[in-house]
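Asks: have a look at this prediction, sequence included:
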Amino acid sequence: MADELSAPLMRKTERGRRARAQRLGKWRWPVARFALGAIVLIVGGLALRILLVDDPDGGQPQAVTAINSAHNANPLASAVTAPAEQATITADPEQFPATPDGVPGGAQVTRVDPNLPTGLADDPEHPQANAFGVLPDLAEETQNGPIPRISATGVTPFAAYSRPSLTPATAGGRPLIAIIVTGLGLDQAGTLEAVDKLPSDITLAFAPYGKTLDITAAAARNAGHELLLQVPLEPFDYPDNDPGPQTLLAAQSPRANIEKLYWLMARMGGYVGLINYMGARFTASGADFAPVMEELGTRGLGYVDDGSSNRSLAPQLAGANKVPFARADMVLDDNPSRPAIMAALATLKAKAVADGSAVGVISALPVSIATVAEWAQSIEDQGAVLVPASALMH
C-alpha cells in the first residue's frame with residue numbers, strides 16, 4: 001500500500017488501465033456471443049416466414065385510392081369505347097358470372113348516349129356528382145383543392161352545371177328575366193334562409209370567403225339553384241376599398257393573378273361561371289383581364305359582368321375566348337327598401353318586354369331576399385318568365 005501511495009502518478013495510471021482491461025475482458029466474449037445469437041435468430045425467423053407464409057408483396061403496406069385522370073390509361077376502356085360513344089364500367093364478379101363461352105365475369109361495359117344534356121349534375125340518369133354537386137371528371141386537383149375543367153369527353157362545367165331552362169330561342173317571344181343574388185355564403189344561417197325562400201330559377205352567387213361554403217353551396221344546388229362564384233377584382237380606389245383576400249390586381253404578373261384565381265375557384269364547386277366583385281380598374285385593363293378570361297375559356301366556364309363599370313372589357317374578351325357571357329342591366333337594391341326594390345323590378349320587367357330579356361343583380365340583404373321572393377310569385381302571371389342566368393349567357 002505504501003508502494004502504491006508513493007509510486008509516481010504515471011505508474012498508478014498505467015496499473016489502473018491494466019486492471020480495467022482485465023475486468024472488461026471477462027465480458028467481451030459473452031456479449032459477442034449474445035449478439036451473434038440474436039442475429040442468427042432474426043435471420044432464421046425471416047427464412048421461416050418466407051418459407052411458410054404466402055405473401056407475394058413481402059409484407060409491404062398497401063393503399064388503394066381512386067384516381068381521376070383525363071389520360072386514357074385504361075386499356076379496357078380504350079378497346080370498347082368508340083369515338084362517338086361513352087362507356088361506364090361496372091365490376092362485380094357475382095353479378096356478372098362467366099358466360100357459357102368462357103368469357104370471365106367482372107368488368108362489364110354499358111354504353112350510354114354521349115349527348116350529355118344541359119344540367120348534367122341534376123340528371124338522375126347520370127348520378128356521378130358527389131355530395132357537393134361536383135362531377136369528378138370536371139374537377140382538376142391543385143394544391144388549393146379541385147378547380148373546374150373541361151372533361152375528357154369535352155363536357156364543360158358551364159354546360160354540366162347549368163339549370164335546364166327556356167332560352168330566347170325557345171321562349172316563343174315571352175320576355176325572360178334572370179335575377180342574380182350576390183354575397184351569399186358569408187353567413188350560413190342567412191344563406192340557408194335565402195335558399196329556402198327564393199324560387200329555384202333565381203341564380204345564387206357566392207363570395208369565396210365563407211367558412212361553410214361547401215355546405216351552403218351544396219344546399220343551394222340541392223334546392224335546384226344555379227350557382228356563380230364571385231371573384232374579387234381591383235377597383236380604382238384600392239387598397240382604400242379592398243374587395244378581400246386574394247384580390248386580382250392590375251399591374252401584377254399574369255402568373256400571380258392566375259394563382260390567385262385558382263385559390264378562389266377551389267373554394268367551392270358546381271358553379272357555371274364567375275361574376276365580378278368590384279373590379280372597375282382590373283376589368284378596364286386588357287393586359288390584366290385577358291389572361292383571366294382566357295383561363296375561363298380554357299376551363300369551360302362562363303362570366304357575368306355585374307354592370308358596375310362602363311369601362312369593362314368583359315364583352316370583347318369573353319367573345320374572343322368563347323366564354324359564355326352576360327352583362328347585368330341594373331342593380332335592383334341600390335336603395336335597399338321594399339318600395340324601391342319593387343320599382344326596380346318593374347323597370348327590369350319593362351326592359352325584358354322591350355328587349356326580349358333582362359338581367360338584374362341584387363344583394364343578399366334580408367329585405368332584398370324577401371322582396372324578390374314576393375315578386376317572383378306573380379311574375380308568370382305578368383307574362384314574363386324567370387330563368388337562370390345561364391339561359392341569357394351568349
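Replies: Done, it's in. Residues are numbered from 1 along each chain as shown.

Asks: where does this protein have its least confident helix or strand?
Replies: strand 107-112 (a mean of 32; mean pLDDT, DSSP states H and E).

Asks: contacts for the helix or strand containing K351 next, please.
Replies: Element membership for K351 (DSSP states H and E) is helix 338-355. Here helix 338-355 makes contact (CB atoms under 8 Å, 6 or more residues apart in numbering) with 175-177, 329-335, 358, 360, 362, 367-368, 370-372, 375, 379, 382-384. Quick note: C-beta positions are derived from backbone N, CA and C, even for glycine.

Asks: one more time with 7 Å
Replies: Residues from elsewhere that reach helix 338-355 (CB atoms under 7 Å, 6 or more residues apart in numbering): 175-177, 329-330, 332-333, 358, 360, 367-368, 371, 375, 382, 384.

Asks: now Y271. Its backbone dihedrals?
Replies: Dihedral pair for Y271: phi -100, psi 150, per degrees, to the nearest 10.

Asks: run through the bridge partners of the nearest residue to it once chain neighbours are set aside.
Replies: Of all residues not flanking Y271 in the chain, L227 sits nearest, at 4.1 Å (CB to CB, 6 or more residues apart in numbering). Beta-bridge pairing of L227 under DSSP bridges involves L204.

Asks: who's in contact with L227?
Replies: 204, 206, 217, 220-221, 270-272.

Asks: centre of the chain versus stretch 243-259, how much separation?
Replies: Stretch 243-259 sits 19 Å away from the centroid of its parent chain (CA atoms, centre = their mean, to the nearest Å).

Asks: buried residues in it, which are they?
Replies: 243, 246-250, 257 (16 or more other CB atoms under 10 Å).

Asks: just the residues you listed: which are in helices?
Replies: The helices, defined by DSSP state H, take in N257 from those.

Asks: farthest pair in the buried residues of stretch 243-259?
Replies: Q246 and A250 (14.7 Å; CB to CB).

Asks: how far away is the closest residue to S337 other than its chain neighbours from I379?
Replies: In space, and not counting its chain neighbours, S337 is closest to V367: 6.7 Å by CB to CB, 6+ apart. Applying CB to CB, to the nearest Å, the value for V367 to I379 is 19 Å.

Asks: over to A220?
Replies: The value you get for A220 to I379, if CB to CB is used, is 20 Å.

Asks: more neighbours, those two?
Replies: A220 (28 against 19; other CB atoms under 10 Å).

Asks: figure out the helix or strand that the more buried one lives in.
Replies: Using DSSP H and E, A220 falls in helix 213-222.

Asks: next secondary structure element downstream of the helix holding K351?
Replies: Downstream of helix 338-355, the next assigned helix or strand under DSSP H and E is strand 357-363.

Asks: alpha carbons of that following strand, in PDB - could you do that?
Replies: Presented in PDB, the C-alpha positions along strand 357-363 are these (Å, rounded to 0.1, in the frame of the first residue of the first chain):
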ATOM      1  CA  SER A 357     -84.600  39.600 -71.900                       C
ATOM      2  CA  ALA A 358     -83.000  41.400 -69.000                       C
ATOM      3  CA  VAL A 359     -80.600  40.500 -66.100                       C
ATOM      4  CA  GLY A 360     -80.800  42.100 -62.700                       C
ATOM      5  CA  VAL A 361     -78.400  41.800 -59.800                       C
ATOM      6  CA  ILE A 362     -79.400  42.100 -56.100                       C
ATOM      7  CA  SER A 363     -77.600  41.700 -52.800                       C
END
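
Asks: ok, back up a step: so which of the contacts of helix 338-355 sits lowest on pLDDT?
Replies: The lowest pLDDT within the contacts of helix 338-355 belongs to Q382, with 88.

Asks: burial count for that residue?
Replies: 13.

Asks: for it, which non-adjacent residue is spatially closest?
Replies: K349 (6.7 Å).

Asks: got it, and G273?
Replies: G302 (3.0 Å).

Asks: ok, P148 next?
Replies: Once flanking residues are discounted, P148 sits nearest to P157: 4.1 Å by CB to CB, 6+ apart.

Asks: doesn't I147 make contact with that neighbour?
Replies: No - in this structure P157 lies outside contact range of I147 using CB atoms under 7 Å: 9.6 Å.

Asks: more neighbours, the two?
Replies: Taking neighbours as other CB under 10 Å, P157 and I147 compare with P157 leading, 28 against 22.

Asks: kindly indicate whether L274 is helix, strand or coil.
Replies: L274 falls in the strand class when you classify it by DSSP: H, G, I helix; E, B strand; the rest coil.

Asks: how close does it get to L345?
Replies: According to CB to CB, L274 and L345 sit 25 Å apart.

Asks: before we move on, what about F325?
Replies: Shown here: F325 relative to L345, a distance of 23 Å by CB to CB.

Asks: next: A35.
Replies: Counting by CB to CB, the gap from A35 to L345 is 89 Å.

Asks: more neighbours: those two, which one.
Replies: More neighbours surround L345 than the other of A35 and L345, with 23 against 10 (other CB under 10 Å).

Asks: the residue nearest to V331 when sequence neighbours are not counted: how many residues sit nearby?
Replies: The shortest distance from V331 to any non-neighbouring residue, by CB to CB, 6+ apart, is to V361 (5.3 Å). Per other CB under 10 Å, the neighbour tally for V361 reads 24.

Asks: contact partners for V361?
Replies: V361 neighbours (CB under 7 Å, 6+ apart): 180, 182, 306-307, 328, 331-332.

Asks: where does the prediction get shaky in the protein?
Replies: Along the chain, segments meeting pLDDT under 70 span 1-32, 48-128, 131-132.

Asks: so D306 sits right up against M278, yeah?
Replies: No - judged on CB under 7 Å, D306 makes no contact with M278 at a distance of 8.9 Å.
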